[in-house]
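>>> Build me a model:
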Amino acid sequence: MIHIGVNTVELGEDNKIFKSKYIGKENVNLKKGDVLAEVDFEKLKELGYDTTIVVIVLEETLSEDDKFKLLVKENKNIKNSDQLFSIN
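Here you go, the predicted structure:
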């Protein structure tokens, strides 16, 4: 699960700030390089929202054979090209 911005759920799904074909979807198979969302961060800031992005991997979405490995340090700033984790 990915949540972009703090309290941005208040904006609703029909806002012009987030563009993604995955909003509200579950069990989507993704591959490296897929664009998950386009976000107007400047507009979010103008509206007074914190632009922190939270990524949550739910244990129940992993199979018994999946091996989850975190590849970044906690609270580290990352670039859009950084790999956050792997699941093998």
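
>>> Strands along this structure, start to end?
Here the chain has its strands, by DSSP state E, at 2-4, 18-19, 38-39, 53-55, 68-70, 85-87.

>>> Off-centre distance for the first one?
Translated: strand 2-4. Taking C-alpha atoms, centre = their mean, to the nearest Å, one finds the center of strand 2-4 at 4 Å from the center of the full chain.

>>> just checking, what packs against that strand?
Packing partners of strand 2-4 (3 or more C-beta pairs under 8 Å, 6 or more residues apart in numbering; DSSP states H and E): strand 53-55. All C-beta atoms are positioned from the backbone trio N, CA, C, and that covers glycine.

>>> Could you do the last one as well?
For strand 85-87, the packing partners by 3+ C-beta pairs under 8 Å, 6+ apart come out as strand 68-70.

>>> Let me have the strands of the chain in JSON lines, extended by mean pLDDT.
As requested, the strands of the chain are arranged in JSON lines below (pLDDT from 0 to 100):
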{"stretch": "strand 2-4", "mean pLDDT": "89"}
{"stretch": "strand 18-19", "mean pLDDT": "90"}
{"stretch": "strand 38-39", "mean pLDDT": "94"}
{"stretch": "strand 53-55", "mean pLDDT": "88"}
{"stretch": "strand 68-70", "mean pLDDT": "90"}
{"stretch": "strand 85-87", "mean pLDDT": "88"}
